[in-house]
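>>> Okay, here's the prediction I keep looking at, along with the sequence it came from:
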Amino acid sequence: MYTFNLLFVIAILLLICFYSLPVYCDNLQDTCPTYISPDETIFINGFPCKNPSNVTTSDFKNMMLSQPGSADEFLRSSVTIVTAAEFPGLNTLGLATARTDLELDGLVMPHTHPRSSEMMFVAKGVVIAGFIDTKGQLFQSVLRAGDVFVFPKGLLHYCLNSGFEGALIYSVFNAQNPGVVDVSNAMFGDNNSEAVKMAMAKLVSLNRVEDVRVHDDTNLNDEL
């Protein structure tokens, strides 16, 4: 009986340690730039660290967001996400970043990031952004240059250009690999399908200004 009780206590302690580990874990060194071996044989949750003697300043700089990505001809938008796989210095920091370019009438279809919340900063233009919670309630706002909007983790969200010029958005994620679930592509495939066109029409109709574009200096009480 004593042995059984001892094993039971040990098992409980191990469970407590196991479930507490993600909460209290922290970096064991100052930096851990990503090291990707060409002949990887062991796969871990994340990336191994570079040899500290090989770490350089370039590991902590990335220029992938300095230029717009290749725009989708149908959606008239491009999204470039930079994770620890492309930006070594992000490894173990729990961060990723992105750039979204919206041409005139451009939009990003509803999607989710299953492993991360997203904070977006509008650098240029006028953007309508929104998300839908688990109760089906829509939270939508008109954003202008300098405005910030947050999409909670895992919730369906979207954005579209509601101005007279191209729009530029930068985003930060609180995960080094936020993941993307593109609902329209997953369900309907080709962006030119009738189902996607209907979804786009419905999305655009959510814009309360409808066919009247929003000027940068327009004073609207845009919160729903």
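Ah, there it is.

>>> Look at Tyr170 and say how many residues are nearby.
Residues contacting Tyr170 under the criterion other Cβ atoms under 10 Å number 14. Where you see a C-beta, it was placed from the backbone N, CA and C, and this is true even at glycine.

>>> er, Ser116 I mean
Burial of Ser116 is recorded as 24 neighbouring residues (other Cβ under 10 Å).

>>> same question, Ser77
Number of residues near Ser77 (other Cβ under 10 Å) recorded here: 24.

>>> That one touches Ala71, doesn't it?
Yes: distance between Ser77 and Ala71: 6.2 Å, which falls inside the contact criterion (Cβ atoms under 8 Å).

>>> what's the overlap in contacts for those two?
Taking Cβ atoms under 8 Å, 6 or more residues apart in numbering as the contact criterion, the common neighbours of Ser77 and Ala71 are Asp101, Glu103, Gly106.

>>> ok, now which ones touch the nearest residue to Ala167 once chain neighbours are set aside?
In space, not counting the residues next to it along the chain, Ala167 is nearest to Gly125; the distance is 2.9 Å by Cβ to Cβ, 6 or more residues apart in numbering. For Gly125, the contacting residues are Leu102, Arg144, Ala145, Asn161, Gly163, Glu165, Gly166, Ala167, Leu168, Asp216, taking Cβ under 8 Å, 6+ apart as the criterion.

>>> Also Ile132?
Remark: with contacts taken as Cβ under 8 Å, 6+ apart, Ile132 is in contact with Pro110, Leu138, Phe139, Leu155, Leu156, His157.

>>> From Asp147, how far off is it?
Ile132 sits 20 Å away from Asp147, going by Cβ to Cβ, to the nearest Å.

>>> Equivalent analysis for Ser78, please.
Ser78 sits 21 Å away from Asp147 when distances are taken as Cβ to Cβ.
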